[in-house]
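Student: quick one, fold the following:
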Amino acid sequence: MFQFCTDPSQLDSLRWFSCYLTTGKHMNLYWSVLTVLTLLAITAPAALAFGFAGASAARSQIAPLRWIGKTYIAIVRGIPDIAFFLFFVIALDQGIEYLRHKALCPAWEEPIRQGNDFIVCAAAKMPLGTAPQWVHETYGFAIAVLTFAIVFGAFAANVLFGAMRAVPRAQLETAEAYGMSPRQIFRRVLVPQMWVYALPGLGNLWMVLIKATPLLFLLGVEDIVYWARELGGSKTPRFTDYPHADWRMWYFLALLVFYLAFTRVSELVIDRAMTRLTRGQATTGGEAQRKLA
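Tutor: Okay, here's the model as predicted:
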C-alpha cells in the first residue's frame with residue numbers, strides 16, 4: 001500500500017509491520033470482520049422470525065400446526081450445532097441442484113445417485129461452474145445465513161414460547177372479557193407483554209450466536225478464524241515477501257479481544273433495553289425501579 005514497501009527486506013521494524021499489516025491478504029482479514037458482522041445483522045432478525053413462527057405454531061389451537069412447531073423446536077435443539085450445520089448445508093445444496101436438474105434437464109436418463117456420487121447436469125449446478133467467484137462466495141454465505149437462522153430460530157422459538165406462557169393469564173382473560181378476538185388478544189396483549197420475559201433468554205442467545213460465528217469456517221466461508229490461522233502460520237519467502245515465525249497465538253489473541261469487546265458492547269445494549277422494557281412492569285426489574293424512584 002505504501003511506496004516504501006517495494007523491498008520489505010530493507011525496512012526497519014515499524015515500516016515492516018506497516019507494510020505487513022496492509023497487504024492484500026490482511027485486507028481480506030479486515031473484510032472478513034465485515035462478513036461476520038453482516039452475518040449477525042442478517043441472522044439475528046431471521047432467527048427471531050423463525051423463532052416467532054415456531055413459538056406461535058407450538059401454541060396454536062390447530063393440532064397439526066402445533067405438532068410442527070413443537071417438532072421443529074425439539075429436533076433442532078436435540079442435535080449438535082456442528083452436525084446440523086454440516087448436514088443441512090449438504091442436504092440443502094443437493095436439494096436445490098436436484099430440483100434444478102429436474103426442471104432444466106428433463107432428457108437426462110442417467111441416475112442422479114451413482115454409488116456415493118451425486119451427479120446432475122452442468123446447467124443444474126448451483127452456482128454454475130462458469131459463474132464468477134463472487135457468486136460462489138455469495139451463495140455459500142447465503143446457505144450459511146439460512147442454516148444459522150434455522151438452528152438459532154429453534155432456540156429463539158423455545159425462549160419465545162416460554163415468554164408467551166409467562167404473561168399473566170389474568171391479562172388475557174380481561175382482554176377476552178372486553179370482547180377481543182383470539183387474534184386481537186395475541187397481537188395487542190400477548191405479544192407486547194411477552195418481550196420483557198423473553199429478552200433475558202434472547203440476550204443469552206445473542207451471545208451464543210456471536211460465539212458461534214467461527215462455525216463459518218466449517219461451512220467454507222473465509223471468516224476471521226480462517227484468515228487468522230492462515231496469516232498467523234509461519235511462512236517462508238517462497239509463499240510471501242513477509243516471512244515470520246508462528247504468530248497464530250497473537251492472531252487468535254486479537255480474535256479473543258475482538259469477541260470480548262463485542263460481547264461487552266452487546267451486554268450494555270441489552271441491559272439498556274431491559275431497563276426500558278421493565279419500566280412500569282410487575283416484574284422483579286420493574287419493582288426495583290419503582291422502589292428506587
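
Student: tell me how many other residues surround Leu29.
Tutor: Per other C-beta atoms under 10 Å, the neighbour tally for Leu29 reads 20. Glycine gets a C-beta too; all of them are placed from N, C-alpha and C.

Student: just the element for it, please.
Tutor: helix 24-58 (DSSP states H and E).

Student: following the chain onward from that helix, which element is next?
Tutor: Sequence order places helix 63-77 as the next helix or strand after helix 24-58, per DSSP H and E.

Student: return the distance of that following helix from the chain's centre.
Tutor: Offset of helix 63-77 from its chain centre (C-alpha atoms, centre = their mean, to the nearest Å): 21 Å.

Student: buried residues in that helix?
Tutor: The neighbour-count check on helix 63-77 (16 or more other C-beta atoms under 10 Å) flags 68-70, 72-73, 76 as buried.

Student: give the contact list for Trp258.
Tutor: For residue 258 the amino acid is Phe, not Trp. Contact analysis of Phe258 by C-beta atoms under 8 Å, 6 or more residues apart in numbering lists 33, 224.

Student: what are the phi and psi values for it?
Tutor: phi -60, psi -50 (degrees, to the nearest 10).

Student: for it, give its distance to Val33.
Tutor: Distance, Phe258 to Val33, by C-beta to C-beta, to the nearest Å: 7 Å.

Student: which neighbours do those two have in common?
Tutor: Counting by C-beta under 8 Å, 6+ apart, the residues touching both Phe258 and Val33 are Ile224.

Student: identify the residues contacting Ala254.
Tutor: Contacts of Ala254 (C-beta under 8 Å, 6+ apart): Ala228.

Student: and it, what's its pLDDT?
Tutor: Predicted confidence (pLDDT) for Ala254: 88.

Student: what residues of the strand or helix carrying it count as buried?
Tutor: Assessed by DSSP H and E, Ala254 sits inside helix 248-278. Neighbour-count burial for helix 248-278 flags 251, 255, 259, 262, 266, 270, 274, 277-278 (criterion: 16+ other C-beta under 10 Å).

Student: now the angle between helix 24-58 and that helix, please.
Tutor: Relative orientation of helix 248-278 versus helix 24-58 (axes from the mean of the first three to the mean of the last three C-alpha atoms, to 10 degrees): 40 degrees.

Student: where's helix 248-278 relative to the chain centroid, distance-wise?
Tutor: Centre-to-centre, helix 248-278 and its host chain are 16 Å apart (C-alpha atoms, centre = their mean).

Student: about what we covered before: hmm, which of the buried residues of helix 248-278 is lowest in pLDDT?
Tutor: The model is least sure about Thr278 among those, giving it 70.

Student: where does Pro111 land on pLDDT?
Tutor: 78.

Student: helix/strand/coil for it?
Tutor: Here Pro111 is coil, with the state taken from DSSP: H, G, I helix; E, B strand; the rest coil.

Student: what are the phi and psi angles of it?
Tutor: Main-chain torsions, Pro111, degrees, to the nearest 10: phi -70, psi 140.

Student: rewinding a little: ok, so of the buried residues of helix 63-77, who is nearest Gly140?
Tutor: If you rank those by distance to Gly140 using C-beta to C-beta, Val76 comes first, at 21.3 Å.

Student: that closest one reaches Phe84, doesn't it?
Tutor: Yes. The pair Val76 / Phe84 is scored as a contact, 6.6 Å apart, by C-beta atoms under 8 Å.
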